[in-house]
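> Generate coordinates for the sequence data below:
(4 chains, ligands or ions: 2)
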Amino acid sequence: MRARVLIRPKAGILDPQGQTVERALPALGFDGVSHVHVGRLVELDVEDPARLPEMCERLLANPLIEDYEIQTQTA
Amino acid sequence: MRARVLIRPKAGILDPQGQTVERALPALGFDGVSHVHVGRLVELDVEDPARLPEMCERLLANPLIEDYEIQTQTA
Amino acid sequence: MRFGVVRFPGSCDEVDALQAAQLVGDAELLWYADHDLRGADAIIIPGGFSYGDHLRVGAVARFAPVMEEVERFARSGGPVLGICNGFQVLCEAGLLPGALLPNTSLRFLCRQVDVEVASADTAWTRGVALGERLSVPVKHTTGRYYAPDPVLDELTANGQLTLRYAPGQNPNGSARDIAGVSNAAGNVVGLMPHPEHAVDPLTGSEDGLKLFASVTRGAALAA
Amino acid sequence: MTVASARHRELGLTDAEYEGIVERLGREPNEVELAVFSLMWSEHCAYKHSKKLLRTLPTEGPRVVMGPGENAGAVSVAGGLACAFKVESHNHPSAVEPFQGAATGVGGILRDVFAVGARPIAILDSLRFGEPADSPRSRYLLEHAVAGIGHYGNSIGVATVGGEIYFESAYEQNCLVNAMCLGLIERDRLIRSAAAGVGNVLLLFGARTGRDGIGGASVLASAELGDSDGAKRPTVQIGDPFEEKKLLECSLELLERDLLVSLQDLGAAGLSSASSEMASKGEVGLDIDVRRVPLREADMEPFEIMVSESQERMLCVVAPERVDEVVAVCEKWLVNATAIGVVTDTRSLRVFDGDALVGDMPVTALVDECPLYDLDPVAPSVPMYPAPRRVLSGGEDARAALLALLSSANLASRRWAFEQYDCLVGSRTARRPEQADAAVLMLADRSALAVSIDGNGRRVAIDPYRGTVEAVLECSANLACVGAEPLGLTNCLNFGNPEKPHIAWQLTRAIAGLGDACRALGVPVVGGNVSLYNEGGGGPIFPTPVVGMVGELPDAARAGRLGFSRAGDAVAVIAAGSWAPSLTGSELDKLRGEAPWGALPAADPGELRALHAAVRQGVRSGALHSAHDVAEGGLAVALAEACLAGGIGARVDLAARGGAGEARLFGEGPGAFVVSGPGESLRPFGAAATVIGEVGGDALEVEGALSIPVAELASAHAGGLADLLR
Ligand SMILES: Nc1ncnc2c1ncn2[C@@H]1O[C@H](COP(=O)(O)OP(=O)(O)O)[C@@H](O)[C@H]1O
Ligand SMILES: [Mg+2]
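Ligands and ions are numbered 1, 2, ... in the order given. The predicted structure follows:
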C-alpha cells in the first residue's frame, strides 16, 4: 500500500523555514498568504500500514519537535 | 483557505534521503517497506488558491528536479 | 577591473571573495536589497547559506532585488561567477543549467580536492590551461550537480563543463564528476569548489587565484 | 509556608533558599518572582557549589583585558586587537536532543563572544560520549551532535577549527557537549554589559519569544537525568543560525556606529538573567513590560516570557534619542527590535504586564545573594568507576598493540567529524585539523593566534589534581608545537553532583590543579563555565575539566606542523628530566580492561614551562620541521601520527631513550615531544633532546619492537571511527 507521511514542526516550535517563505511570497507579488509552515514529506510502499505510526515515532519524525499525519491510499 | 503543497524528487533522480530511510527501517525491525522518497511539505493559508500553481512553479518547487501536488481543504 | 561581490542575508564567504578579488583588482560588496551593481565589471555571488538555505538552496536569494541587475548584466555578457551557494542561486535564477542536489552522503563535507579544468574558454578560466589541475577546497551539503542526461550531453558538446573533480575525488556524487559549469556564452560560471579560499599558500593553496586573474585578463583583452 | 510556596521545591529551591527569598522580598514571592528567583538561584546561574572554589583561580596577567565576569574573557593580541574567548557546556540539552542541543550550544557561545563586541572567528568543540562500538545511543548522539555543531557553525560562517572527542562508558548516560568560541575586536572597543543611564531604553532584538526551554535552566541544567528524558523534551530550544547570522551582523554594526550603551546576550534563564545581570553590573534598576515582548505564541504568561530560552535574542541599552537609529539598523538586517523597558534608579527588576506590576525584585538579591555552599570533599578509597570492556588480552606484541590503539575510538582519526565542519571560512586558517597540534589562525599582519582544547577525563578520574594539571600542560604543549606562547585560558568544569562527597573531592582537587598549573605556567584564567550534576542512573561522569588555551606566534608562515616532512631529517624525543611515562591511565590500559585507578606520574609544571618555551623557540626559528607532543597512546602513537600526517615513514631506535618496553612505547605522562629536523638543529636542546632515528621510507620501524607500513597505519587510523558510523 502506498502511504504518505506529512511531517511538520509542532505548534509553537520555531519554524524558520516557514518564516522565510512567508516573507518571500509577498515580495514576489503573492499576497494574502499566512501561517506558512515547511515540513517534510515521506512517501513509501508499506505492506503493513498498521506499523506506520510506530515508524513515525521511531524514525521518520522527531516527536520532540514534529507532528506527523499519515495518509494511505490503495494503489 | 488552508492548503498543502507536497513536493517530491522527480522520478529517476537519485534520492539518497529516501534510500537512507529505506535502509534504516529494516534495521529497526520494520520490514516490507519499499520505494521510499523524501520530499518537502509546505502548509499555508491562502486567500486565492488559484494562484498556488504559480507559487509552486516560481518558488516552492523547482520543476527541473521536483514534482508537486496541491491539496486544499476548506477550513 | 572592478569586482562586485553580492552580500545576501546569510552569505558567509563574501568577505573572503572580496579579499580574493582585491588581490587582482578593485572590489566592493553589493547589498542584496539594492538595484545597483555600482559600476562593477564582474560580479561574484559568494558562498554561504543565503536565507538560511531555507525551503531550497538558492531559491529565495534568486529573487533578491540585486539579482534583477545581475541577470541583466549576465545576459548582456558581463562576467558572473557563482561559488557554492552562488552557483545554486545562479541555477535557480536560470542563468546556469541544472540544479544542485544533496550530497549522496547527506553530510556537509569540507575537504581540499583537486579539480581539472575542463574548459579554458570561459571568462573565469581563460587564464588556466585546459586539463590543468587545481587544488581548491569544497565545503557544502548540497553540491551534487544534476541535469537530465540529454542536457549533460549538450553541455559536454558545447564545452560548458568548466571544472571536473579529479578522478576518484568526486565528493558529492555529481553527475560526470562536474564541479563547475558555464552558460553557453561562457561569461557566467558556477563552481562548487571555493577558489576564494585558495589564494594564499599559507591557508592551503593559491591555485584559485588563477580564476580571478582570468577575468581581469579577459578585460584587458577586450580593452 | 503557604500552599503556593510548596512549588519552590519542584523548581529546585531548597526550603532555606526559599526562606531567604521571602526574607529579601519581605513577603512571599508571586509566580513571576518565584520563576525568576528559581532560575537566578539555580546552580547554572548562581554557581552555588563552585563560586568559592573559582575565586582561587589566577585571573590576572599583563595581557588580560577582560577577566571572568563578563560574557567572554579577552586578552590583548597584535595589531591593537583583543581576542575574546570562552567555552561553555550544553550537556543536558544535547543528551535530550543532540542536534538542537549541540547547535544551540554553538549559538550560545557565539552570542557570548559577540556580546562583548568581538567578531567570532573560530569555534572548537569538546565532546564526550559512551563507547561507540557498544552503544547505538552513543553513535546516535555523536552523529547528531556533530551534525548540529556543523549546521550552526557552517551556516553562520564561523570556522570550526578544532576540538576533541573521547569515548568512555562513564559518559553513556550523560554526554558532554562543550563549545568554545574566539572572536576579535579592536581593544578599545570592547563593550560591557552593565546597564547605565536612568531613562535609557532597554531594547530586545532578534528572534521572537516562544516557549523554548521554559524551565530549561533549572530543569535541564540542574537535575539528574533519569529514564524520563522524553518527558522533559518539550523544553528543548530550537536554534536558527540564519537568525543568529543576522543578529551578529546587526549587533556588530550597532557597535561600529557607537549606538549602544551596553549589550548582553540572552542565554540560560533568558530575559530574567540577562536583565538582572545588566542591572546588577550597572548598579541600576530596570522596568520591563512583558506585554511588549514580541511573541511567537500569543498566550504566554508573564513568567513564561521572563524565563523563556528562545534562542537568537540580545538585549541592549540605548539612549532615547538613538532608538530610531538602532531600529533602522535592525530593519536593515531584517532583525526585529522592540523597546521593552527602561533603566531606573530603583535597583529593582520590576516586571509589568501592561500597566500591572507583576514582579518586583531587588537586583542584588537576584544576582549576588544566592547562598554559596561549601563542599564536603572526601577522597574515595576504592575505585569509583567500573573497568572498561576488555578489548586486548594483554599478551599482544607492540605491533598489534599499536594498530589496536590507532584504530581505537579514542585515537582513531577524527576526519569523519571535522570534515563536517567548515574550517576555512574567514581565510585565516593556517593550520587545519590533523596538520598540527593546535589550530593556527592568521591575523592581518600575518602573525597568528593558536588555540587548543583538551581534557582527558579518565586521567582526571584517576587523580583529579594531576589529571587537571595535565590538561593545562597538554594545551600549553600543543601551543608550543605550533610555536605559540600561551596568553590565557578558559575552562569548562563538567562534573557530577557536588553534594556527594567524592564528587566534591574531584571538583575541589581539579580546581586546585587548574589554579596551580596556571600559576606555574603564568597563564591567567579569563573565563569559563561550570556544568554540574552530570550523572544519571549509571553513576557520575568522569570528572572532566575541559581547558581551552589561546596563544600567539609572530609569523603564521613559521607555524609548526606535526607530520614528518623530509626524508633524512633526524627524529628526536625532547623530554623533561621528570618525564616518566606509565601505563596507568593510558589508552593501552583501557583497551586491556583496567579500571581508572592508581597513581599518575607527577609533573613539574615549572620544568615543563621551560621545556615548552624551548620547543616553541625551535619551531619559531624554523629549526624544527615538525613537532608533536606525546599524549594518548604514548611515544609509539606519537611517532605513528607524525608518520601519518607527513605520509612518510621513520626508523627509530629507543635504546638511548629508555628502550622499547611497553611503558616507554605506550606509557603516558606529560613532558615529551616527538620532533624532526636537521641533526644540528637539535643541538640547542642539549640533554633534553635525544636523537632516536631518521625520517624516511614507507614504514614506521622501531628497532626490536615493530615495523609497520605507513599505509597499514593509515587504514587502522582512518577506519577506527568512520567504520562505526557508516
Ligand atoms: N570554570 C570557570 N573558570 C573561570 N570563570 C568562570 C568559570 N565558570 C564560570 N566563570 C565565569 O563566570 C561568569 C558567569 O558565567 P556564565 O553564567 O556561564 O555566563 P553567561 O551567562 O554569560 O553564559 C562568566 O564570566 C564566566 O567566565
Ligand atoms: Mg552571556
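
> The closest residue to chain B within the stretch 51-200 of chain D: what's it in contact with?
For the stretch 51-200 of chain D, the residue closest to chain B is D:Pro136, as judged by Cβ to the nearest Cβ, at 9.7 Å. Bear in mind the C-beta positions are built from the backbone N, C-alpha and C, glycine included. By Cβ atoms under 8 Å, 6 or more residues apart in numbering or on different chains, no residues touch D:Pro136.

> Where does residue 35 sit, in terms of helix or strand?
I went with chain A, as the question did not name one. Assigned by DSSP states H and E, A:His35 belongs to strand A:33-46.

> not quite, I wanted chain C
Per DSSP H and E, there is no helix or strand for C:His35.

> Can you read off the backbone torsions of the residue of chain A most remote from its centre?
Farthest-out residue of chain A from its mean C-alpha position, per Cα atoms, centre = their mean: A:Gly29, at 25.5 Å. Phi and psi for A:Gly29, reported as degrees, to the nearest 10, are phi 90, psi 10.

> Spell out the residue ranges of the strands in chain A.
Applying DSSP state E to chain A gives strands spanning A:2-9, A:33-46, A:66-73.

> What average pLDDT does the longest one get?
Spelled out, that is strand A:33-46. Mean per-residue pLDDT for strand A:33-46: 96.

> same question, the last one
Strand A:66-73 carries an average pLDDT of 93.

> Can you list the strands that that strand pairs with?
Taking DSSP bridges as the criterion, strand A:66-73 forms sheet pairs with strand A:2-9 (antiparallel).

> who in chain C is up against chain D?
Proximity of chain C to chain D, by Cβ under 8 Å from any Cβ of the partner chain, involves residues C:9-13, C:15-16, C:19-20, C:48-49, C:51-54, C:107-111, C:137, C:139, C:194, C:196-197, C:199-200, C:202-204.

> Of the residues you listed, which qualify as buried by neighbour count?
Among these, those buried by neighbour count (16 or more other Cβ atoms under 10 Å in any protein chain shown) are C:9-13, C:15-16, C:19-20, C:48-49, C:51-54, C:107-110, C:137, C:139, C:194, C:196-197, C:199-200, C:202-204.

> So A:Ala61 sits against A:Tyr68, correct?
Yes. Using Cβ atoms under 8 Å, A:Ala61 is in contact with A:Tyr68, at 4.3 Å.

> Find residues that contact each of the two.
Common contacts of A:Ala61 and A:Tyr68 (Cβ under 8 Å, 6+ apart): A:Val5, A:Ile7.

> Narrow the buried ones among the residues of chain C next to chain D to those in strands?
C:Leu109, C:Cys110, C:Pro137, C:Lys139.

> Please give me every residue in contact with the first one.
It refers to C:Leu109. Shown in contact with C:Leu109 (Cβ under 8 Å, 6+ apart): C:Asn103, C:Val138, C:Lys139, C:His140, C:Thr141, C:Pro171, C:Asn172, D:Glu419, D:Gln420.

> ditto for the third one
Listed by Cβ under 8 Å, 6+ apart, the contact partners of C:Pro137 are C:Cys110, C:Arg111, C:Gln112, C:Val113, C:Pro193, C:His194, C:His197, C:Ala198, C:Gly204, D:Leu424.

> can you pull up the bridge partners for it?
C:Gln112.

> shouldn't D:Arg664 be in contact with D:Ala655?
No. With contact taken as Cβ under 8 Å, D:Arg664 and D:Ala655 are classed as non-touching, separated by 10.4 Å.

> List of residues touching stretch D:278-290?
Residues contacting stretch D:278-290 (Cβ under 8 Å, 6+ apart): D:192-196, D:198, D:202, D:262, D:264, D:271, D:275-276, D:302, D:305-306, D:315, D:317, D:340-354, D:358, D:363-364, D:366-368.

> oh sorry, the question was meant for stretch D:95-102
Contacts of stretch D:95-102 (Cβ under 8 Å, 6+ apart): A:62, A:64-65, D:90, D:92-94, D:125, D:140-149, D:151-152, D:173-175, D:177, D:179, D:220, D:225, D:229, D:232-233, D:236-239.

> What of stretch D:513-521?
By Cβ under 8 Å, 6+ apart, the list of residues contacting stretch D:513-521 from outside reads D:56-58, D:464-469, D:472-473, D:476, D:486, D:489, D:491, D:524-525, D:545, D:547, D:605-606, D:608-609, D:612.

> measure D:His318 to chain C for me?
Rather than His, residue D:318 is Val. According to Cβ to the nearest Cβ, to the nearest Å, D:Val318 and chain C sit 23 Å apart.

> and if you look at D:Ala557?
According to Cβ to the nearest Cβ, D:Ala557 and chain C sit 6 Å apart.

> Now that we're looking at the closest residue to that residue other than its chain neighbours, what pLDDT does it have?
Of all residues not flanking D:Ala557 in the chain, C:Leu202 sits nearest, at 5.9 Å (Cβ to Cβ, 6 or more residues apart in numbering or on different chains). Confidence at C:Leu202, expressed as pLDDT, is 95.
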